[in-house]
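**Q** Below are the sequence and a predicted model; questions follow.
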2 protein chains.
Amino acid sequence: MPDVSKQPTDPRVLRTRQLIKDAFIDLLQEMDIEKMSISRIAERATINRVTFYLHYRDIPDMLEKMADDMIEDFKQAVGIEPEKPAAAEEEDWFMMLRLLEHIAEHHKFYKVILGSRKAPIFSERLLNMLTELISARIEEMGTESFCYKAGIPKDIAIWHGSAALIGTIVAWLRNDMPYTPAFLAKQFYLLTRSRIETKGE
Amino acid sequence: MPDVSKQPTDPRVLRTRQLIKDAFIDLLQEMDIEKMSISRIAERATINRVTFYLHYRDIPDMLEKMADDMIEDFKQAVGIEPEKPAAAEEEDWFMMLRLLEHIAEHHKFYKVILGSRKAPIFSERLLNMLTELISARIEEMGTESFCYKAGIPKDIAIWHGSAALIGTIVAWLRNDMPYTPAFLAKQFYLLTRSRIETKGE
DNA sequence: GACTTAATTTACAATGTGTTGGATAATTAA
DNA sequence: TTAATTATCCAACACATTGTAAATTAAGTC
């Protein structure tokens, strides 16, 4: 069994996992995930089927670990982890921009992984992450937020906001990104902020 | 092969399909859809495995047809089909209410089918339906709408709105409906309408 | 160059798939 | 009620995929 630790260094392991990932993405464009099999993946990846089992228990396990990696890359790219209790106001806009730019940069991957209705795990994980993010935002704002003033329960606002965010991104990807990240970020900012600031009167 | 037409009348057919549907919903609560097999479904439904093939080609086909039925029931329950260019304003609120009440009435079904991240087909279909719905709404409003005044492209507003709607419903189901349909409809109305009316000044 | 570990090869039992042909039972029409 | 139709059951089949085990080969590390 190859190194299970997060960051394998052996080039053979890296190569194999990359081959598997590429093969999976490749196949996902051709067939439903239902018809996906370890045999097919191994064949497309030009590795022995048994080798697959040295890295993943089964396909769901593979998806799980790939989703882990995705979230990891995502957080790092968008720069969420670090400090930043945020400068509120425009900080949201910048984060949204970084987020969309990161997706645009790897759109080939994200379109297949999120856009196809085939592997819900990925959208699911991203939704969870964004939910935390938005949740933290709203929490930060406290009595400043629109929800508070309008008496809207926070959790409802969070459900609404995170679903709108991921849904907009997915639709944007499915339509082959007809707007620039900056433009879309601006529009989303308008759609969202108008709720939080405007009515506060 | 049993009657393929939309409304089979033979009680044997109705019984079998109901048994399959119940077994499927039942199994979905226990296991990932990945581990779902025709064998298991047939066993749980207390029908012969071969009988399954008399009704559905395979599992994806079964999901497809069940989703068709769901959308059909949904449209009928919410009463979308008929005329009603809508009285604008509060009409939205009433539709949202009927929609949530219908879901609440069959929450056992919808929670499993939508709430579990296992059968994306259903959420997908519902999303499409709601997208059409919201799309029509925004189209109706024309130059009255917030998007128009703020210069937000319609499609972005539609992506945003429909994703927020279905996402909120799914989250509501997953959390075991902590709010009444009426209350949630009201909150959603506030979150949405504030965008469309407020900033229009 | 020796050691370590990944990947390959071959093999096997177990399970699920999709399709037969014929028997049985329920439904419907005469 | 009888006779028809037709859904379901049953047994069996070839086939593919799965998950695991052994021994071997190849690549990477020290």
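**A** Arrived safely.
**Q** Span of stretch A:134-153 from start to end?
**A** End-to-end distance of stretch A:134-153 (Cα to Cα, to the nearest Å): 14 Å.
**Q** pLDDT on that stretch, on average?
**A** The average pLDDT for stretch A:134-153 rounds to 75.
**Q** Skip the chain neighbours and tell me the closest residue to A:Gln29.
**A** Computed as Cβ to Cβ, 6 or more residues apart in numbering or on different chains, the closest residue to A:Gln29 that is not its neighbour in sequence is A:Val112, at 5.8 Å. C-beta: built from backbone N, CA, C; applies to glycine.
**Q** Give me the domain ranges for chain A.
**A** Structural domains annotated on chain A: A:11-56, A:62-200, as defined by automatic domain parsing.
**Q** mean pLDDT lowest for which of the ones you listed?
**A** Comparing mean pLDDT across the domains of chain A, the weakest is domain A:62-200, with a mean of 81.
**Q** got a list of contacts for the host helix or strand of A:Phe94?
**A** Taking DSSP states H and E as the criterion, A:Phe94 maps to helix A:91-105. With Cβ atoms under 8 Å, 6 or more residues apart in numbering or on different chains as the test, helix A:91-105 has contacts from A:74, A:77-80, A:84, A:86, A:110, A:133, A:137, A:169, A:172-173, A:177, A:181-182, A:184-186, A:188-189, A:192-193.
**Q** Can you flag the buried ones in those?
**A** Neighbour-count burial within the contacts of helix A:91-105 applies to A:74, A:78, A:80, A:110, A:133, A:137, A:169, A:172-173, A:177, A:181, A:184-186, A:188, A:192-193; the criterion is 16 or more other Cβ atoms under 10 Å in any protein chain shown.
**Q** Burial check on A:Tyr56, number of neighbours?
**A** By the criterion of other Cβ atoms under 10 Å in any protein chain shown, A:Tyr56 has 18 neighbours.
**Q** and the strand or helix carrying A:Gln18 with chain B, contact?
**A** Using DSSP H and E, A:Gln18 sits within helix A:11-28. No - Helix A:11-28 stays clear of chain B (Cβ under 8 Å from any Cβ of the partner chain), getting no nearer than 13.3 Å.
**Q** other SSEs contacting that helix?
**A** Here helix A:11-28 touches helix A:38-45, helix A:59-78, going by 3 or more Cβ pairs under 8 Å, 6 or more residues apart in numbering or on different chains; DSSP states H and E.
**Q** could those helices go into JSON lines alongside distance to chain B?
**A** Formatted as JSON lines, these follow (distance: least, Cβ to the nearest Cβ, whole Å):
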{"stretch": "helix A:38-45", "distance to chain B": "12"}
{"stretch": "helix A:59-78", "distance to chain B": "5"}
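**Q** In space, not sequence, find me the middle residue of chain A.
**A** Closest residue to the average C-alpha location of chain A: A:Leu126 at 3.8 Å, with Cα atoms, centre = their mean.
**Q** what about the closest residue to A:Ser39 other than its chain neighbours, how many neighbours?
**A** Distances taken as Cβ to Cβ, 6+ apart place A:Arg49 nearest to A:Ser39, at 5.9 Å, with adjacent residues excluded. Neighbours of A:Arg49 under the rule other Cβ under 10 Å: 14.
**Q** So A:Arg49 is in contact with A:Ser37, correct?
**A** No - taking contacts as Cβ atoms under 8 Å, A:Arg49 lies outside contact range of A:Ser37: 9.6 Å.
**Q** Tell me how far A:Leu14 lies from B:Gln18.
**A** According to Cβ to Cβ, to the nearest Å, A:Leu14 and B:Gln18 sit 51 Å apart.
**Q** Repeat that for A:Phe183.
**A** Here A:Phe183 is placed at a distance of 50 Å from B:Gln18 (Cβ to Cβ).
**Q** What residues does A:Leu126 make contact with?
**A** By Cβ under 8 Å, 6+ apart, the residues touching A:Leu126 are A:Met70, A:Ile71, A:Phe74, A:Leu114, A:Ile166.
**Q** The same query, at a cut-off of 6 Å, please.
**A** A:Ile166 (Cβ atoms under 6 Å, 6 or more residues apart in numbering or on different chains).
**Q** Give me the distance from the helix or strand where it lies to the chain's centre.
**A** Using DSSP H and E, A:Leu126 sits in helix A:120-141. Using Cα atoms, centre = their mean, to the nearest Å, the mean C-alpha position of helix A:120-141 is found 10 Å from that of the whole chain.
**Q** Also stretch A:59-78?
**A** 8 Å.
**Q** is any part of that stretch close to DNA strand D?
**A** Yes - using Cβ under 7 Å from any atom of the strand, we find that stretch A:59-78 touches DNA strand D at A:Ile59.
**Q** From A:Asp61, how far out is A:Ile121?
**A** A:Ile121 is 11 Å from A:Asp61, where distance means Cβ to Cβ.
**Q** For the two, indicate the residue with more neighbours.
**A** In this view A:Ile121 and A:Asp61 are compared by other Cβ under 10 Å, and A:Ile121 has more residues nearby, 19 against 11.
**Q** Could I get the contacting residues of that one?
**A** Counted by Cβ under 6 Å, 6+ apart, A:Ile121 has contacts A:Leu63, A:Ala67.
**Q** Could you measure from it over to A:Ala163?
**A** Taken as Cβ to Cβ, the span from A:Ile121 to A:Ala163 is 17 Å.
**Q** go on, A:Met95?
**A** When distances are taken as Cβ to Cβ, A:Met95 and A:Ala163 turn out to be 18 Å apart.
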